[in-house]
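Peer 1: Okay, sequence plus prediction incoming.
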Amino acid sequence: MISSIKQSPSSFTSTDFLSRKRSISRPQFSPLPIIKNVHNGFPNQSFSSEKPLHVASIENFAILKKTQHRKTECQAYEADRSRPLDINIDLPDDEAGLEAAKRIKIGIYFATWWALNVVFNIYNKKVLNAFPFPWLTSTLSLAAGSLLMLISWATRVADAPKTDFDFWKTLFPVAVAHTIGHVAATVSMSKVAVSFTHIIKSGEPAFSVLVSRFLLGEAFPLPVYLSLLPIIGGCALSAVTELNFNMTGFMGAMISNLAFVFRNIFSKKGMKGNSVSGMNYYACLSMLSLLILTPFAIAVEGPQLWAVGWQKAVSQIGPNFVWWVVAQSVFYHLYNQVSYMSLDQISPLTFSIGNTMKRISVIVSSIIIFHTPVQPINALGAAIAILGTFLYSQIRFRNIVELGNVGSEISEQKCQPVS
């Protein structure tokens, strides 16, 4: 390649070449490289210092690379600042769809919870009217729930809890309170109308605040105490105007409220640092309550009375009575299970609202099905009591939010059985 290049007749020195090289101005920046006479080749096969073909090409290509790089950065900046992105983002629609699906799911949980609770109360009242043995009826309810949970654990439908001796030790006082509350509520429904029992049971928040205040020393803001006035006043008005009032039924509902308050207090203390889920906690609670209740049920009522009462009920009702007993026992566990499933999806405030609406549905349905006579003043007392319960749940939750204990309240309420 070097041998094919001939010098021009005009001679030059190395000093002359260097001076001319310094006098050449820097090429202007251009988006395209400046290449001259590429297709013409070298006509005179001479090399001239004024046409540095090889050097100009390298320099200009390097300039091109830097210029393109700067241009790309500028376009990205302009696109970020002033140009709209041509991308279809459907995130809002997807979020709206997920929110709608969640609301539908919660609505199904609530509807199922209320329906199962209504069915349980109806069949429970039918069984108690034909077979007035509340101790045995309560025992069968706990036995059915325990059996269902054992089957679900054995078939791996639900994961069995990992427990130890300390767990059952702390669960024992909770089970004692739960047993008393469950039996007392069943005794109440065996003596009075279902609607009256649930009106009195709507006063449970008043017992909760009073016990927490005077026994535990827990202070509440003034609005919480004021919300108890319609609860207490409504329950008192309903009790005074109840046409079929019975002191045993009234005291049973009151004892049930008090027992469930202590059950919840013991449950909060026993579940601190415990990893057992709410549903398994309730299953263990039912099993331990069953062991506690069975000997007392045998001592209070006994197999001889049960046999006589069973034969009488079957002779009067027929084979359907057996179905009633099975239904009330199974539905008692199912409505509690669905309530826990609902609590896993919603906040405690929404759950308390749902629990209030559940009690209304039970009261209204029982009045319609059993044709319970209700005076207007009695209905007014029930409405005031239930409204007070709703106001209490709203005010109590706001107080929890202000104190910053929402997370602990959720975890505690998930371990509290539904009454």
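Peer 2: Received the coordinates, thanks. Since this is a predicted model, take the numbers as computed values, not measurements.
Peer 1: Enumerate every residue touching Val119.
Peer 2: The neighbours of Val119, taking CB atoms under 8 Å, 6 or more residues apart in numbering as the test, are Ala327, Phe331, Tyr335. Glycine gets a C-beta too; all of them are placed from N, C-alpha and C.
Peer 1: Trp168: what's it in contact with?
Peer 2: Under the criterion of CB under 8 Å, 6+ apart, the contact list for Trp168 reads Cys284, Leu288.
Peer 1: Look up how far Leu116 lies from it.
Peer 2: For Trp168, the distance to Leu116 (CB to CB, to the nearest Å) stands at 29 Å.
Peer 1: where does the stretch 1-150 of the chain dip in pLDDT?
Peer 2: Counting by pLDDT under 70, the stretch 1-150 of the chain contains low-confidence ranges at 1-93.
Peer 1: all strands of the stretch 201-350 of the chain, in order?
Peer 2: Under the criterion DSSP state E, counting those that start in this stretch, strands are not mapped anywhere in the stretch 201-350 of the chain.
Peer 1: hang on, the earlier thing: where's the dip in pLDDT among the contacts of Val119?
Peer 2: Looking at these by pLDDT, the weakest one is Tyr335, with 87.
Peer 1: Look up the closest residue to that residue, ignoring the ones flanking it.
Peer 2: Nearest residue to Tyr335 in three dimensions, chain neighbours excluded: Leu116, at 3.7 Å (CB to CB, 6 or more residues apart in numbering).
Peer 1: Can you report how many residues lie near the one you found?
Peer 2: 21 (other CB atoms under 10 Å).
Peer 1: Asp94 too?
Peer 2: Around Asp94 there are 10 other residues, counting by other CB under 10 Å.
Peer 1: Work out for me the element it sits within.
Peer 2: Counting by DSSP states H and E, the element that carries Asp94 is helix 91-130.
Peer 1: For Ala158, give me its contacts.
Peer 2: Met149, Ser152, Met279, Asn280.
Peer 1: oh, I was asking about Ile199
Peer 2: With contact set as CB under 8 Å, 6+ apart, Ile199 has these partners: Gly234, Cys235, Ser238, Ile363, Gly381, Ala382, Ala385, Ile386.
Peer 1: Out of the residues you listed, which is nearest to Ala259?
Peer 2: When the contacts of Ile199 are ranked by distance to Ala259 (CB to CB), Cys235 comes first, at 16.9 Å.
Peer 1: I figured the closest one was touching Glu204, is that so?
Peer 2: No. With the criterion set as CB atoms under 8 Å, Cys235 and Glu204 do not qualify as a contacting pair; they are 10.2 Å apart.
Peer 1: Neighbour count: the two, which is higher?
Peer 2: For Cys235 versus Glu204, the count of surrounding residues by other CB under 10 Å is larger for Cys235: 28 against 22.
Peer 1: what about the helices in the stretch 51-200 of the chain?
Peer 2: 53-81, 91-130, 134-154, 165-191, 194-201 (DSSP state H, counting those that start in this stretch).
Peer 1: quick one: which of those is nearest Glu402?
Peer 2: helix 91-130 (25.5 Å).
Peer 1: element containing the spatially closest residue to Phe110 that is not a sequence neighbour, please.
Peer 2: Once its chain neighbours are removed from consideration, Phe110 has its nearest residue in Gly354; the separation is 5.2 Å (CB to CB, 6+ apart). Gly354 is located in helix 348-370, with elements delineated by DSSP H and E.
Peer 1: which secondary structure elements does that helix contact?
Peer 2: Helices and strands touching helix 348-370, as assessed by 3 or more CB pairs under 8 Å, 6 or more residues apart in numbering; DSSP states H and E, comprise helix 91-130, helix 194-201, helix 320-343, helix 376-403, helix 406-413.
Peer 1: Just put the helices of the stretch 51-200 of the chain in a markdown table and tack on distance to Phe321.
Peer 2: Supplementary listing: the helices of the stretch 51-200 of the chain in a markdown table, determined by distance: least, CB to CB, whole Å:
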| stretch | distance to Phe321 |
| --- | --- |
| helix 53-81 | 76 |
| helix 91-130 | 6 |
| helix 134-154 | 12 |
| helix 165-191 | 16 |
| helix 194-201 | 18 |
